[in-house]
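Visitor: Sequence first, then the predicted structure, then my questions.
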Amino acid sequence: MNVVLPYWRKRFTGRNPLKLLLLSVLLALGLLLPHFGAQAAAEAPASSPPLAAPVVVIPVKQTIESGLEQFLKRALNEAQEMRAKEIILEIDTLGGSVESAANIGQLVKESGIPTVAYIRGKAISAGTYIALNANRIVMEPGSSMGAAAVVDGAGREIEQVKVISYWSGQMKSAAELRGRDPHVAEAMVDKRLGISLPQIGREVAKGDILTLTAEEAVKVGYAEALAADRQAVVAFIRGEAHPLVEIEPGPAEKLSRWVTQPWVSIMLLLIGIAGIAIELFVTGFGIAGILGTLGFGLYFFGHYLAGFAGVEEVVLFIAGLLLLVMEMFVASFGILGVLGALCLFGGVVLSAHNMKLGMANLGIAFVLAVIVAVIVLRIFRHRGVWNRFILKDSLSTQAGYVSAVSRVELLGQTGLAITPLRPAGTAAFGEEKLDVVTDGEFIPAGSQVVVTLVEGSRIVVKPSKNPSL
């Protein structure tokens, strides 16, 4: 009986054992390769980011203040969620708030993702501190860093030893953290020190503040490289194969950054206080009330977006306004007014970045608002709400109103004093007896008198010069 084998049985049964062995080996490798691949992937270093991990660019520009701090906090969290390979902080700033700079520096220092500070333009004062907290610094040719002396709101250099010592310590600590010369950082803050920099052939005398150009910063070890543009920075960190993602401030964050600037906060509070005051005292002046409401609304909305104000502060402020309005119409002996002022004051101060700044802003705005309100009220005083409580109508003789019958026809007539006039009494003019008065002199009864003045019902007389008449 003939048995017909399938084609594959003909190929691999007895006739070709080498091919059968090769096939078995290939099948075994095919089964084992996935296992080895998974094991190799598991043993790969966890710190090596996948090629899909992005390089994140975060702008650090304009003034260093609380709004920028909130934006950077959000941006660094987003970069963490993206599992970014590296973060590039593009810095171009002339400085700003020391407190905000310290908080931003802490955020950069605690970032779980490597950071590169790319200075494009200037990293002055607080900007230098933020850059020093980054893992590496790259500078654009022509840029500069340093000049980190502490100044007040008017730009005057602060000479207080405690303040200089604090900020100098912060700069020194940031420099030491990344292995940079701390004396260079101190010379950027404290002009009493001076420093010798043989690497660049410079001698900074006492009384001067240190500022470094891009080339100088590289030579003294404060910058790792120069980069003409962003792509050069990406190449420096070997991130060409990674996508580039830039995180920009949103419209709300831009608004909050603008509103939380001290001068803007003062202007909004000025508009709010003056507008509400004018609206309360000048009736029918609706534009002042609208502007006042918008001023306060923008102030609280901006501080709410920046994370400083909550619903509690807004409710406290509105309660203060209501109590002040009630004080105008309810006899509370000033209690409602005091409570309203305290609520209003508390709402504004608690919603600020810090209480000291909030108190200063409110104080300046209040003084300016009082001046503006007084000027406007003087101009529109005829429309004041208090005019409703004042009787302005007059009943004049010219308008036809008389309080008594006027006896002007008696002027120049003579009469007889019936009673002594001292100075008031009675005199007869023909058959009519009238009450009269003298200018103060005494006239005995029976004397002849002449009328010299008539004012309504008041008749003034004096002795007649011709008593025989």
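Guide: Received the coordinates, thanks.
Visitor: Now the residue nearest in space to the middle of the chain, what are its backbone angles?
Guide: Residue closest to the average C-alpha location in the chain (Cα atoms, centre = their mean): residue 260, at 2.5 Å. As for residue 260, its main-chain torsions (degrees, to the nearest 10) stand at phi -80, psi 0.
Visitor: right, and it touches residue 63 too?
Guide: No - proximity of residue 260 to residue 63 does not meet the contact threshold set by Cβ atoms under 8 Å, at 10.2 Å. Quick note: C-beta positions are derived from backbone N, CA and C, even for glycine.
Visitor: neighbouring contacts of whichever strand in the chain runs longest?
Guide: Criterion DSSP state E: the longest strand present in the chain is strand 115-124. Applying Cβ atoms under 8 Å, 6 or more residues apart in numbering, the external contacts of strand 115-124 come out as 86-95, 108, 127, 130-140, 143-148, 211, 214, 223, 227, 230, 233, 236-237.
Visitor: And those residues, which of them are buried?
Guide: If you count burial by 16 or more other Cβ atoms under 10 Å, the buried members of the contacts of strand 115-124 come out as 86-93, 95, 108, 127, 130-140, 143-148, 211, 214, 223, 227, 230, 233, 236-237.
Visitor: which residues in the stretch 201-350 of the chain form helices?
Guide: For the stretch 201-350 of the chain, applying DSSP state H, counting those that start in this stretch gives helices covering 214-219, 230-236, 251-259, 262-281, 286-305, 311-329, 335-350.
Visitor: Could you list the residues in contact with the fifth one?
Guide: Meaning helix 286-305. For helix 286-305, contacts defined as Cβ under 8 Å, 6+ apart pick out 252-253, 255-256, 258-260, 265, 267-279, 282, 309-310, 313-314, 317, 348, 351-352, 376.
Visitor: what distance separates that helix from the centre of its chain?
Guide: Distance of helix 286-305 from its chain centroid, counting by Cα atoms, centre = their mean, to the nearest Å, is 12 Å.
Visitor: Check the third one too.
Guide: In terms of Cα atoms, centre = their mean, the centre of helix 251-259 is set 10 Å apart from its chain centre.
Visitor: Using PDB, write out the CA atom coordinates for that helix.
Guide: Provided in PDB are the C-alpha atoms of helix 251-259 (Å, rounded to 0.1, in the frame of the first residue of the first chain):
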ATOM      1  CA  PRO A 251      -3.900  85.100  28.900                       C
ATOM      2  CA  ALA A 252      -5.000  84.800  32.500                       C
ATOM      3  CA  GLU A 253      -1.400  84.500  33.700                       C
ATOM      4  CA  LYS A 254      -0.300  87.500  31.700                       C
ATOM      5  CA  LEU A 255      -3.200  89.500  33.300                       C
ATOM      6  CA  SER A 256      -2.300  88.300  36.800                       C
ATOM      7  CA  ARG A 257       1.400  89.300  36.200                       C
ATOM      8  CA  TRP A 258       0.300  92.800  35.100                       C
ATOM      9  CA  VAL A 259      -2.200  93.300  37.900                       C
END
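Visitor: between that helix and helix 286-305, how big is the angle?
Guide: Angle of helix 251-259 versus helix 286-305, following axes from the mean of the first three to the mean of the last three Cα atoms, to 10 degrees, is 110 degrees.
Visitor: One more: the last one?
Guide: Orientation check (the same axes, to 10 degrees): helix 335-350 against helix 286-305 gives 50 degrees.
Visitor: List the buried residues in helix 335-350.
Guide: By neighbour count on 16+ other Cβ under 10 Å, the buried set for helix 335-350 is 336, 337, 339, 340, 343, 344, 345, 346, 347, 348, 349, 350.
Visitor: Give me the phi and psi angles of residue 220.
Guide: Here is the backbone geometry of residue 220 (degrees, to the nearest 10): phi -90, psi 0.
Visitor: ok, now the one 4 residues further on?
Guide: According to degrees, to the nearest 10, the main-chain angles of residue 224 amount to phi -80, psi -30.
Visitor: show me the contacts for it.
Guide: By Cβ under 8 Å, 6+ apart, the residues touching residue 224 are 136, 137, 138, 218, 236.
Visitor: which residues touch the helix or strand that contains residue 72?
Guide: Applying DSSP states H and E as the criterion places residue 72 in helix 66-82. Identification of contacts with helix 66-82 by Cβ under 8 Å, 6+ apart yields 53-54, 56, 58, 60, 62, 87, 96-97, 100, 103-104, 107-108, 111-113, 245, 247, 249, 253, 256-261, 306-308, 353.
Visitor: Could you identify the buried members of the contacts of helix 286-305?
Guide: Buried, going by 16+ other Cβ under 10 Å: 253, 255-256, 259-260, 265, 267-279, 282, 309, 313-314, 317, 348, 351-352, 376, out of those.
Visitor: re earlier: adding distance to residue 412 and pLDDT, write the contacts of residue 224 out as a markdown table.
Guide: Formatted as a markdown table, the contacts of residue 224 follow (distance: Cβ to Cβ, whole Å; pLDDT from 0 to 100):
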| residue | distance to residue 412 | pLDDT |
| --- | --- | --- |
| 136 | 111 | 96 |
| 137 | 107 | 96 |
| 138 | 109 | 96 |
| 218 | 112 | 95 |
| 236 | 114 | 95 |
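Visitor: Adding distance to residue 120, write those residues out as a markdown table.
Guide: Listed next are these as a markdown table, based on distance: Cβ to Cβ, whole Å:
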| residue | distance to residue 120 |
| --- | --- |
| 136 | 15 |
| 137 | 12 |
| 138 | 10 |
| 218 | 15 |
| 236 | 14 |
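Visitor: which among these gets closest to residue 413?
Guide: Nearest to residue 413, judged by Cβ to Cβ, of the contacts of residue 224 is residue 137 at 110.1 Å.
Visitor: ok so, going back, just the buried ones among the contacts of strand 115-124: which are in strands?
Guide: Per DSSP E, strands hold the following members of these: 86-93, 136-139, 144-146, 211.
Visitor: what's the closest of these to residue 429?
Guide: residue 93 (97.7 Å).
Visitor: List of residues touching stretch 172-191?
Guide: For stretch 172-191, the surrounding residues in contact (Cβ under 8 Å, 6+ apart) are 105, 109, 128-129, 132-136, 146-150, 164, 167-168, 171, 193-195, 197, 204, 206-212, 220-222.
Visitor: let's go with 7 Å and repeat that
Guide: 105, 109, 128-129, 132-133, 135, 146-149, 164, 167-168, 171, 193-195, 204, 206-210, 220-222 (Cβ atoms under 7 Å, 6 or more residues apart in numbering).
Visitor: Show the low-confidence segments of the stretch 51-200 of the chain, by residue range.
Guide: 51, 153-155 (pLDDT under 70).
Visitor: Could you rerun that using 50?
Guide: The stretch 51-200 of the chain contains no residues with pLDDT under 50.
Visitor: which one is residue 343 nearest to, not counting chain neighbours?
Guide: In space, and not counting its chain neighbours, residue 343 is closest to residue 320: 3.2 Å by Cβ to Cβ, 6 or more residues apart in numbering.
Visitor: same check, this time on residue 55
Guide: Closest residue to residue 55 apart from its sequence neighbours, by Cβ to Cβ, 6+ apart: residue 239 at 4.2 Å.
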